[in-house]
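**Student:** Please find the sequence and the predicted model below.
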Amino acid sequence: MSEQLTPFLSFDRQRWAELRKSVPLTLTEQDLKPLLGINEELSIDEVRTIYLPLVRLINYYIDENIRRQNVLRRFLGEKSTNVPYIISIAGSVAVGKSTSARILQSLLSHWPKQRKVDLITTDGFLHPLAYLQEHNLLHKKGFPISYNTPQLIRFLADIKSGKPNVTAPIYSHLTYDIIPDQFNVIDQPDILILEGLNVLQPNRNQANELFVSDFVDFSIYVDAEEDLLKEWYIHRFLKFRQSAFTDPNSYFKHYANLSEQEAVTTAGKIWDEINGLNLKENILPTRERADLILKKGANHEVELVTLRK
């Protein structure tokens, strides 16, 4: 039987870790703590084994991208301008995208030289809560239809064109809504990390319509089996029940009084009817569009790295 053709190369932890070479570790255990999500127990060993080789690879890609830009500028006779390098991080709810994004931001900011690395999540481009309620889309929150995609596209186009002081809306997980009249300002970064559920979505409408992935230079998908994702989501829900849900301003404050068993049942139902459904219908089908896939196991550690050739 001939070897199955694939556009990817696969690496176990040991083989991938060997590709770190001499990349220095700029994080300490103390630096790592504020970067972790509520359900993450990432170790410094995971940073050394998985993220340092990845940072080395990304820096090679960035260097090559800069060389290509310089060739085009020489050909056109234009002055050198900074074109931000955009990295997207996709994956399911509860898989740890935000932690991966924060770790990459920290590492890329300091190696091999000081770079301005900004991080934006697509949560800020969700439609406001009132809009979702008015259009009966609350049960589809996180699905592609729940985002103001034209606004996100304009934001990315402005970033990629080098425009200064581009604003992005801010989302509050406490109020479950966009914060009125507050914005993140992105001012000509060297690298922009864009983290979100649907950043690998292809354009499903008109052939000439732009989508998020058209602006991305390197894409990452953080992966895990669905039974693990559901387990991690329920565990996170239980932690929120004892922390964020107890805030009187929390949209989910009514969950704080649930018994543990009621909370487990409620979280499982939310997963099955919303997050799990979104994973199967919209997120997982985009996985093979990524340049690199990080496959996690039961202990949240990456077991397999798959890299597009």
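**Tutor:** Yes, it's here.
**Student:** Count residues in the vicinity of Y131, would you?
**Tutor:** 15 (other CB atoms under 10 Å). Every residue, glycine included, has its C-beta placed from N, CA and C.
**Student:** Is it in a helix, a strand, or coil?
**Tutor:** The three-state label given to Y131 by DSSP: H, G, I helix; E, B strand; the rest coil is helix.
**Student:** list the contacts for it?
**Tutor:** When contacts are counted by CB atoms under 8 Å, 6 or more residues apart in numbering, Y131 touches L137.
**Student:** let's see 10 Å
**Tutor:** 137-138, 146, 148, 177-178 (CB atoms under 10 Å, 6 or more residues apart in numbering).
**Student:** Pull out the buried residues from the residues you listed.
**Tutor:** Among those, the ones that count as buried by 16 or more other CB atoms under 10 Å are 146, 148, 177-178.
**Student:** quick check, nearest of those residues to G196?
**Tutor:** S146 (11.5 Å; CB to CB).
**Student:** shaky segments in the chain?
**Tutor:** For the chain, applying pLDDT under 70 flags the ranges 1-4, 36-41, 203-208.
**Student:** middle-most residue in it, spatially?
**Tutor:** Nearest to the mean C-alpha position of the chain, counting by CA atoms, centre = their mean, stands E195 at 2.6 Å.
**Student:** quick one, what contacts that residue?
**Tutor:** Contacts of E195 (CB under 10 Å, 6+ apart): 87-91, 97-102, 104-105, 119-123, 220, 222.
**Student:** Which helix or strand contains V185?
**Tutor:** Secondary-structure element containing V185, defined by DSSP states H and E: strand 177-186.
**Student:** got the angle for the helix or strand that that strand is followed by vs strand 177-186?
**Tutor:** Under the assignment DSSP H and E, the closest C-terminal helix or strand after strand 177-186 is strand 191-195. With axes from the mean of the first three to the mean of the last three CA atoms, to 10 degrees as the basis, strand 191-195 and strand 177-186 are set at 160 degrees to each other.
**Student:** Strand 191-195 pairs with which strands?
**Tutor:** strand 85-91 (parallel), strand 117-121 (parallel) (DSSP bridges).
**Student:** starting at the chain centroid, how far to whichever helix or strand comes after that strand?
**Tutor:** Sequence order places strand 218-223 as the next helix or strand after strand 191-195, per DSSP H and E. Offset of strand 218-223 from its chain centre (CA atoms, centre = their mean, to the nearest Å): 8 Å.
**Student:** what helices or strands is strand 218-223 leaning on?
**Tutor:** Applying 3 or more CB pairs under 10 Å, 6 or more residues apart in numbering; DSSP states H and E, one finds that strand 218-223 contacts helix 52-76, strand 85-91, helix 97-110, strand 191-195, strand 292-296, strand 302-308.
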